[in-house]
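Enquirer: got a sequence here, can you model it:
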Amino acid sequence: MRRSLAIGAAVLAAGVFAGVPSAASPDHERGRGFGQAALTGFSALPAETFVSASDPSGGALGTNPINGIVPPFADQPVQGFSGIVRNADGSFEVLSDNGYGNKANSGDFVLRIHRIAPDFRTGAVDVVGGINLTDPHRKVPFALTRPDRVLTGSDFDVESIVRAADGTYWIGDEFGPYLLHFDRAGRLLAPPVALPGVFAPENPAGTPNLNSSKGYEGLAISPDKRTLYALLEGTVVGDTPGSLRLNEFDLASGSYTGKRWTYQLDQPAHAIGDLTAVDRDRFLVIERDGGQGVDAKVKKIYLLDKRDRDHDGKLDKTLVADLLNLSNPRHLGGFADPFTFPFQTIEDVVILDDRTLAVLNDNNFPFSSGRTPGKPDNNEFITIRLTERLNADSRVLR
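Expert: Predicted coordinates for the structure are as follows:
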């Protein structure tokens with residue numbers, strides 16, 4: 001395992017800098033925006049990757065082939081990457097979501113944080129560990145799917161993750177929507193924290209006013225590790241179409257502060273995929289349409305500013321990267337120039353340095369086929385170089 005992590009750290013450092021121009025002036029601070037981002041690293045985890053000697057899964061999917069894959073599966077698939085945390089050794093923690101798309105068909109999918117290490121020299125991604133999410137101390141107030149209190153995709157739909165200063169994890173869920181606090185071993189530390197006044201259809205505590213699978217898709221932690229910012233994927237009933245609520249949560253008190261901002265999607269039919277902090281006022285967010293392959297039209301990363309410089313009542317947005325138009329003059333991964341990342345769900349972005357981002361897709365195994373029609377998508381891990389510096393808080397870059 002140590003060898004795999006060392007490779008991940010060394011190659012990551014080499015891959016994101018090779019053949020890339022030197023830093024330019026921060027033109028976005030003067031309102032001129034960013035230019036075409038460049039692909040600097042490509043690696044992939046094969047779609048048919050499973051946790052060895054684990055529990056059977058996919059029993060509710062039937063037995064007909066899906067993109068050439070025949071369920072059910074003897075083990076748990078390593079799939080559905082919906083959140084990411086960077087480690088100092090070059091590895092990453094990635095969060096699998098609820099499994100197969102909904103509460104009804106995911107009762108045999110175990111919620112898990114995987115540790116992965118990309119190797120850009122070989123194009124491979126190594127799975128070097130992981131932990132299951134559990135509730136041994138009975139913090140969840142409702143009945144769980146499994147009597148051993150291992151959490152499944154029928155219990156929560158986990159879609160976003162951050163690591164706090166004490167090494168514990170906070171995870172955003174879509175079924176509540178809830179905030180969930182886990183220790184370093186994946187054990188739930190406290191009851192799920194509901195968002196006041198907002199109820200998904202899976203939440204029995206109130207009348208639904210948020211569509212299914214539209215809860216906490218984005219979760220960021222402030223550079224000082226004191227505050228969470230949780231972004232809904234969908235619009236609350238009664239809000240402006242395409243507007244998403246960004247909620248502030250104080251970690252010391254374990255409660256929402258009542259502060260809220262509005263993120264406006266380019267189109268109401270779009271969705272967000274991930275959120276990460278740049279500094280105390282700015283974030284990166286993935287905005288996407290629902291298309292894949294040739295039907296994918298919008299897969300973008302925006303820089304957000306909650307200071308609302310134009311005074312329109314919404315988070316300011318600056319485009320930093322179009323994931324369907326990445327420069328690739330060296331034809332990394334054997335792909336053309338420009339390179340496209342044409343997946344239905346792109347749900348992971350993390351800052352590697354002040355101009356370099358890592359981006360991963362959620363491959364929705366075995367359903368998505370954005371790269372090759374009729375074949376299940378791999379979990380692809382790419383790095384991209386921005387044309388301008390983010391001027392990020394130095395604590396974000398550590």
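Enquirer: what residues of stretch 134-148 count as buried?
Expert: 134-135, 140, 144-146 (16 or more other C-beta atoms under 10 Å). Quick note: C-beta positions are derived from backbone N, CA and C, even for glycine.
Enquirer: with stretch 55-74 instead?
Expert: 55, 57-58, 60-61, 66-67, 69, 71, 73.
Enquirer: restricted to helices, list these.
Expert: Among the buried residues of stretch 55-74, no member falls in helices (DSSP state H).
Enquirer: dump the residues you listed to TSV, plus distance to residue 326 and pLDDT.
Expert: Formatted as TSV, these follow (distance: C-beta to C-beta, whole Å; pLDDT from 0 to 100):
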residue	distance to residue 326	pLDDT
55	38	97
57	34	98
58	33	98
60	37	98
61	33	98
66	29	98
67	25	98
69	28	97
71	33	98
73	33	98
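Enquirer: between those, which is nearest residue 292?
Expert: residue 67 (11.5 Å; C-beta to C-beta).
Enquirer: in contact with that closest one, which residues?
Expert: Residues near residue 67 by C-beta atoms under 8 Å, 6 or more residues apart in numbering: 366-367, 369, 374-376.
Enquirer: can you report how many residues lie near the residue nearest to it when sequence neighbours are not counted?
Expert: Nearest in space to residue 67, with sequence neighbours left out and distances taken as C-beta to C-beta, 6 or more residues apart in numbering, is residue 376 at 4.4 Å. Neighbourhood size, residue 376 [other C-beta atoms under 10 Å]: 22.
Enquirer: give the helix, strand or coil label for residue 333.
Expert: helix (DSSP: H, G, I helix; E, B strand; the rest coil).
Enquirer: with residue 113 as the reference, measure out to it.
Expert: 26 Å (C-beta to C-beta, to the nearest Å).
Enquirer: repeat that for residue 147.
Expert: On the measure of C-beta to C-beta, residue 147 and residue 113 end up 22 Å apart.
Enquirer: can you pull up the bridge partners for residue 110?
Expert: residue 152 (DSSP bridges).
Enquirer: residue contacts, it?
Expert: 54-55, 57, 76, 132-133, 150-152 are the contacts of residue 110 under C-beta under 8 Å, 6+ apart.
Enquirer: counting neighbours, what do you get for the nearest residue to residue 169 once chain neighbours are set aside?
Expert: Closest residue in space to residue 169, ignoring its immediate chain neighbours: residue 182 at 4.6 Å, by C-beta to C-beta, 6+ apart. Using other C-beta under 10 Å, residue 182 is surrounded by 23 other residues.
Enquirer: surely residue 182 and residue 173 touch.
Expert: No. Residue 182 is not in contact with residue 173 according to C-beta atoms under 8 Å; the separation is 11.5 Å.
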